[in-house]
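Novice: My questions concern the predicted model and sequence given below.
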Amino acid sequence: MNSMLLTLVLFGFILYFMMIRPQRKQQKKIESFRNGLQVGQEVVTSGGIYGKIKSMENGIVMLEVAHNVVVRVDISVIYPSSADAQQEVK
């Protein structure tokens, strides 16, 4: 009985350190990115649309995707663009 309980606890620790902890760390990184968004920054949406932030208000981002083409998206779909990711690596 004790060995089965110990195995279950060990499995729980492994699950936490291999899956849950890295996922939470990634979520915190994305959240801090979204809190630091600024007008003029280039981003990409979860749908793959690249654009530049024109304005932000109450969790809504106005994203310019082409010359004089502005779309309104929720901040939760915004991710760093590949250009921003490359700058972080350098």
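Specialist: Done, it's in. Quick caveat, the model's predicted, so the values are computed rather than measured.

Novice: Could you use CA atoms for every contact and neighbour count after this?
Specialist: OK.

Novice: What ranges does the protein have for its strands?
Specialist: With DSSP state E as the criterion, the chain has strands at 42-45, 50-57, 60-66, 69-74, 78-80.

Novice: What residues are recorded as beta-bridge partners of the residue nearest to P80 when sequence neighbours are not counted?
Specialist: Among residues not flanking P80 along the chain, V43 sits closest, at 5.0 Å (Cα to Cα, 6 or more residues apart in numbering). With DSSP bridges applied, V43 shows beta-bridge pairing to G51, P80.

Novice: Touching, V43 and K54? I think so.
Specialist: No: under the criterion of Cα atoms under 8 Å, V43 makes no contact with K54, lying 11.2 Å away.

Novice: Between these two, which is the more surrounded one?
Specialist: V43 (22 against 18; other Cα atoms under 10 Å).

Novice: Find the residue closest to S55 in space, skipping its chain neighbours.
Specialist: Closest residue to S55 apart from its sequence neighbours, by Cα to Cα, 6+ apart: M62 at 5.2 Å.

Novice: how about that neighbour, what does it touch?
Specialist: By Cα atoms under 8 Å, 6 or more residues apart in numbering, the contact list for M62 reads I53, K54, S55, M56, V70, V71, R72, V73.

Novice: Please work out how many residues are found near the closest residue to the fifth one other than its chain neighbours.
Specialist: To tie it back to what came earlier, the one meant is V70. In space, and not counting its chain neighbours, V70 is closest to E64: 4.3 Å by Cα to Cα, 6+ apart. For E64, the tally of surrounding residues (other Cα under 10 Å) stands at 19.
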